[in-house]
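>>> Build me a model:
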Amino acid sequence: MPAELVLGVAFTRDGPGKEKPRLLVRTPAGTECGEPRRTERGVVVLKTDTGELRVSPAGATAVMAVEVCPGTAQGG
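Numbers count the residues shown, from 1 in each chain. I've put the predicted structure just below:
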């Protein structure tokens, strides 16, 4: 499944001097974006400017790894 591939890349893409990637998840209810922290029973926990947010990629219309979250100066 493509969403699982993007999640895998988002959790493993790391390296010296690199900014951690952000995960953008679009659902019928809206768009969420943040730094992926962990998964819990099929739900992705994102670190955002306002705290941790749990998002289910199962109902997502799009899941993308991004350098910076849209609408934020610091990337989420």
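
>>> what's the first-to-last distance across stretch 58-69?
Counting by CA to CA, to the nearest Å, you get 20 Å between the two ends of stretch 58-69.

>>> what comes up buried for it?
For stretch 58-69, burial by neighbour count (16 or more other CB atoms under 10 Å) applies to Ala60, Val63, Met64, Ala65, Cys69. Every C-beta, even on glycine, is put in place using the N, C-alpha and C of the backbone.

>>> ok, so of those residues, who is nearest Lys20?
Nearest to Lys20, judged by CB to CB, of those is Ala65 at 10.2 Å.

>>> ok, that closest one touching Lys20?
No. Taking contacts as CB atoms under 8 Å, Ala65 lies outside contact range of Lys20: 10.2 Å.

>>> need the buried residues of stretch 58-69 in JSON lines with distance to Glu32, can you?
Below are these laid out as JSON lines (distance: CB to CB, whole Å):
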{"residue": "Ala60", "distance to Glu32": "9"}
{"residue": "Val63", "distance to Glu32": "10"}
{"residue": "Met64", "distance to Glu32": "12"}
{"residue": "Ala65", "distance to Glu32": "14"}
{"residue": "Cys69", "distance to Glu32": "9"}
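
>>> Narrow the residues you listed to those in strands?
Val63, Met64, Ala65 (DSSP state E).

>>> Just the closest of those to Glu40, please.
Val63 (16.4 Å).

>>> Just the pLDDT for that closest one.
On the pLDDT scale, Val63 is placed at 93.

>>> Ok, Gln74 next?
Reported pLDDT for Gln74: 52.

>>> all strands of the protein, in order?
Counting by DSSP E, one finds strands in the chain at the ranges 22-27, 30-40, 43-48, 51-55, 62-66.

>>> Among those, show me which one is buried the most.
The highest mean neighbour count among the strands of the chain, using mean count of other CB atoms under 10 Å, belongs to strand 22-27: a mean of 21.

>>> list the helices and strands that one packs on?
helix 2-12, strand 30-40, strand 43-48, strand 62-66 (3 or more CB pairs under 8 Å, 6 or more residues apart in numbering; DSSP states H and E).
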